[in-house]
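Student: Have a look at this prediction, sequence included:
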Amino acid sequence: MNIAIVGTGYVGLVTGTCLADFGNHVICVDIDEKKVEMMREGHVPIYEPGLEEVFLRNIKANRIEFTTNIKDALDVCDVVFLALPTPPGEDGSADLSYVIGVANQIGELMTSYKVIVNKSTVPVGTADKVHEVIASKTTIKFDVVSNPEFLREGYAVQDFMKPSRVVVGTSSQKALDMMNRIYKPLTEAGIPVIAMDEKSSELTKYAANSFLATKITFMNEVANFCELVGADVDKVRLGMGSDDRIGNRFLFPGIGYGGSCFPKDVKALVKSGKQENYQFKVLEAVEEVNQTQKVILVPAIKEYLGGSLQGKKIAMWGLAFKENTDDIREASSLDMIEELTNQGASVIAYDSAAMPNVKRAIGDKIEYGDDMYEILNDADVLLVVTEWSEFRNPKYEVIAEKLKNKAIFDGRNLYDLEVLEEKGFFYKSIGRKTVLPST
């Protein structure tokens, strides 16, 4: 099939590349001329493991092309995926201006039947709004479909190629038939396409992400309580996760969730509830707890350093909101940096992928290093923020040699308590006992 992808951000580029790999001809549309030229030259503009290989394979096979002209895509494509940003506004509601703007263009430019697919995460009722906008511009028949994405950053190609399910929301059998054709490679592999109405599909995405955010936050609260009563959250997590009604995923405690999805989607669902005079009390609590959790190690660092952070130097391992991505949106690292520097500390950080994005966001508010060990020189303590694989088995003797104090504050529970105790470190993690060096 001939498919257009409007928007080549994280979701759009992964979707377009993978649909091309299914054998479709895909035209990716973006208003950023530099990005389009970059992709035409074979360069992937985002950091996503595994994407470049699939991207280059389909460029070589002439199954994917790039343009800034949406009309060129509309003239030849039967299905148009909208993969546009829906950032949160000041009140938490999703900003639909990009989606509505493109819908206006489609209505003005299309000359034959199209299936318009909302791939962006959008509030309930957006499909109706898009339909209304396009219908106001044309008399040509078309259908609007909700087809939410469930891609994890760092695993997006795998998630697209081998999803647990595909959700398609449409009231049109013709549109559903076309969507089934697109996803036939998946259904032939036994992956279900779950068809439903548009509003149920739109809510499914928000409900799924909000539930996972709630699961993470609940585990963080359990972890905090474990520290008060002397329990071990790792043992509690294993005991809970073995119950197949609960499952073992998203039960790892830490310093809060971040990224482009969970924070935005929780806020948007809370706001949507208020618009219908409904209060999502659980989700409001999730937001409040998560914000506190992001900086929960700062008081512990301050206490360890004698009650003041003034003039102290903190070495930070990790800036991305999680491993295998350069995404810093709603990252705990940024909240940590803000809190630490506000209290007079300086921060020097290392991250193998996310440093350029942090530099663009906050400039020289902190220092940056090209080596995970070099940034430890003369730092008072080490703070671990992102669970990159390279941080999981460090050279403890190098850490001890370079730090002023043999102290690690671990926001991702990467290290074994007994190992840190044996090596004489002060070690503070989340929901586990604090390791104190023997005197």
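Tutor: Received, thanks.
Student: burial measure for the closest residue to residue 334 other than its chain neighbours, as a count.
Tutor: Setting aside the residues directly before and after it, residue 334 is nearest to residue 328 in space (CB to CB, 6 or more residues apart in numbering), at 6.5 Å. (C-beta placed from N, C-alpha, C; glycine too.) Counted with other CB atoms under 10 Å, the burial measure for residue 328 works out to 26 neighbours.
Student: quick one: buried residues of the strand or helix carrying residue 358?
Tutor: Per DSSP states H and E: residue 358 is located in helix 355-362. Along helix 355-362, these residues count as buried under the neighbour rule (16 or more other CB atoms under 10 Å): 355, 357, 358.
Student: ditto for stretch 272-280
Tutor: The neighbour-count check on stretch 272-280 (16+ other CB under 10 Å) flags 272, 280 as buried.
Student: Going forward, count from 536.
Tutor: Sure thing, new numbering starts at 536, so read that last one as stretch 807-815.
Student: What's the mean pLDDT across it?
Tutor: Stretch 807-815 shows an average pLDDT of 95 in the prediction.
Student: same thing with stretch 542-553?
Tutor: Per-residue scores along stretch 542-553 average to 96.
Student: Kindly export that stretch (C-alpha atoms) in CSV.
Tutor: As requested, C-alpha coordinates have been extracted for stretch 542-553 and formatted as CSV (Å, rounded to 0.1, in the frame of the first residue of the first chain):
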residue,chain,number,x,y,z
GLY,A,542,5.5,14.0,11.3
THR,A,543,8.8,12.3,11.6
GLY,A,544,9.4,12.5,15.3
TYR,A,545,10.0,9.5,17.5
VAL,A,546,6.6,7.8,16.7
GLY,A,547,6.4,8.9,13.1
LEU,A,548,9.8,7.8,12.0
VAL,A,549,9.6,4.4,13.8
THR,A,550,6.1,3.8,12.3
GLY,A,551,7.1,4.9,8.8
THR,A,552,10.3,2.8,8.8
CYS,A,553,8.6,-0.3,10.1
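Student: Residues in contact with it: which ones?
Tutor: Residues lying outside stretch 542-553 but in contact with it, judged by CB atoms under 8 Å, 6 or more residues apart in numbering, are 538, 540-541, 561, 563-565, 567, 570-571, 574, 579-581, 583, 586, 589-590, 593, 599, 601, 616-620, 633, 637, 654-655, 684, 686, 688, 691-692, 695-696, 795, 862.
Student: try 7 Å
Tutor: Under the criterion CB atoms under 7 Å, 6 or more residues apart in numbering, residues 540, 561, 563, 565, 570, 574, 581, 583, 586, 589-590, 593, 599, 616-620, 654, 684, 686, 688, 691-692, 695-696, 795 lie in contact with stretch 542-553.
Student: circling back: residues touching the residue nearest to residue 869, list them.
Tutor: The contact partners of residue 863, taken as CB under 7 Å, 6+ apart, are 854, 855, 856, 869, 889, 892, 893, 896.
Student: Give me the domain ranges for the protein.
Tutor: Residue ranges for the structural domains of the chain, counted by automatic domain parsing, are given in the record as 537-731, 740-828, 830-963.
Student: quick one: buried residues of the helix or strand harbouring residue 817?
Tutor: Residue 817 is part of helix 816-829, with elements assigned from DSSP H and E. Of the residues in helix 816-829, 818, 821, 822, 824, 825, 828, 829 count as buried by neighbour count, 16+ other CB under 10 Å.
Student: again, but for stretch 580-588
Tutor: When burial is assessed from 16+ other CB under 10 Å, stretch 580-588 yields the following buried residues: 581, 582, 583, 584, 586, 587.
Student: Now render these as JSON lines, adding secondary structure, pLDDT and distance to residue 908.
Tutor: Rendered in JSON lines, the data for those read as follows (DSSP: H, G, I helix; E, B strand; the rest coil; pLDDT from 0 to 100; distance: CB to CB, whole Å):
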{"residue": "581", "secondary structure": "coil", "pLDDT": "90", "distance to residue 908": "28"}
{"residue": "582", "secondary structure": "coil", "pLDDT": "89", "distance to residue 908": "23"}
{"residue": "583", "secondary structure": "coil", "pLDDT": "92", "distance to residue 908": "27"}
{"residue": "584", "secondary structure": "coil", "pLDDT": "91", "distance to residue 908": "24"}
{"residue": "586", "secondary structure": "helix", "pLDDT": "96", "distance to residue 908": "30"}
{"residue": "587", "secondary structure": "helix", "pLDDT": "96", "distance to residue 908": "28"}
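Student: Out of these, which is nearest to residue 624?
Tutor: Comparing the buried residues of stretch 580-588 against residue 624 with CB to CB places residue 581 closest, at 24.1 Å.
Student: which residue packs closest to that closest one, ignoring adjacent ones?
Tutor: residue 545 (5.7 Å).
Student: any idea how far residue 857 is from residue 790?
Tutor: When CB to CB, to the nearest Å is applied, the distance between residue 790 and residue 857 equals 11 Å.
Student: ok, these two, which is more surrounded?
Tutor: residue 790 (28 against 21).
Student: ok so, going back, just name the closest of the contacts of residue 863 to residue 942, please.
Tutor: Of all the contacts of residue 863, residue 854 has the smallest distance to residue 942: 20.3 Å, by CB to CB.
Student: hmm, back to that, now for the buried residues of helix 816-829: which two are most distant?
Tutor: It's 818 and 829 that sit farthest apart of these, by CB to CB, at 16.9 Å.
Student: got the residue ranges for the strands in the stretch 636-785 of the chain?
Tutor: Using DSSP state E, counting those that start in this stretch, the strands of the stretch 636-785 of the chain run over residues 649-653, 677-681, 701-704, 728-731.
Student: mind checking which of those strands is nearest residue 752?
Tutor: Set against residue 752 and scored by CB to CB, the strands of the stretch 636-785 of the chain come closest in strand 701-704, at 24.1 Å.
Student: avg pLDDT for the closest one?
Tutor: Predicted confidence along strand 701-704 averages 98 (mean pLDDT).
Student: Give me the contacts around that strand.
Tutor: For strand 701-704, the surrounding residues in contact (CB under 7 Å, 6+ apart) are 662, 680-683, 711, 714, 718, 721, 726, 728-733, 735-737, 739.
Student: try it again with 10 Å
Tutor: Under the criterion CB atoms under 10 Å, 6 or more residues apart in numbering, residues 652-653, 662, 679-685, 695, 710-711, 714-715, 717-718, 721-722, 726-740, 743 lie in contact with strand 701-704.
Student: Show only the entries of those found in helices.
Tutor: Members of the contacts of strand 701-704 lying in helices (criterion: DSSP state H): 662, 695, 710-711, 714-715, 717, 721-722, 733-740, 743.
Student: of those residues, buried ones?
Tutor: Burial of the ones in helices among the contacts of strand 701-704 was assessed by neighbour count (16+ other CB under 10 Å); the buried members are 662, 695, 710-711, 714, 717, 721, 733-734, 736-740.
Student: As JSON lines, these with distance to residue 908 and pLDDT would be great.
Tutor: Written out in JSON lines, the entries for these read as follows (distance: CB to CB, whole Å; pLDDT from 0 to 100):
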{"residue": "662", "distance to residue 908": "52", "pLDDT": "97"}
{"residue": "695", "distance to residue 908": "36", "pLDDT": "97"}
{"residue": "710", "distance to residue 908": "55", "pLDDT": "98"}
{"residue": "711", "distance to residue 908": "55", "pLDDT": "98"}
{"residue": "714", "distance to residue 908": "51", "pLDDT": "98"}
{"residue": "717", "distance to residue 908": "48", "pLDDT": "98"}
{"residue": "721", "distance to residue 908": "44", "pLDDT": "97"}
{"residue": "733", "distance to residue 908": "53", "pLDDT": "98"}
{"residue": "734", "distance to residue 908": "53", "pLDDT": "97"}
{"residue": "736", "distance to residue 908": "48", "pLDDT": "98"}
{"residue": "737", "distance to residue 908": "47", "pLDDT": "97"}
{"residue": "738", "distance to residue 908": "48", "pLDDT": "97"}
{"residue": "739", "distance to residue 908": "45", "pLDDT": "97"}
{"residue": "740", "distance to residue 908": "41", "pLDDT": "95"}
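Student: That's all I had, so thanks and see you.
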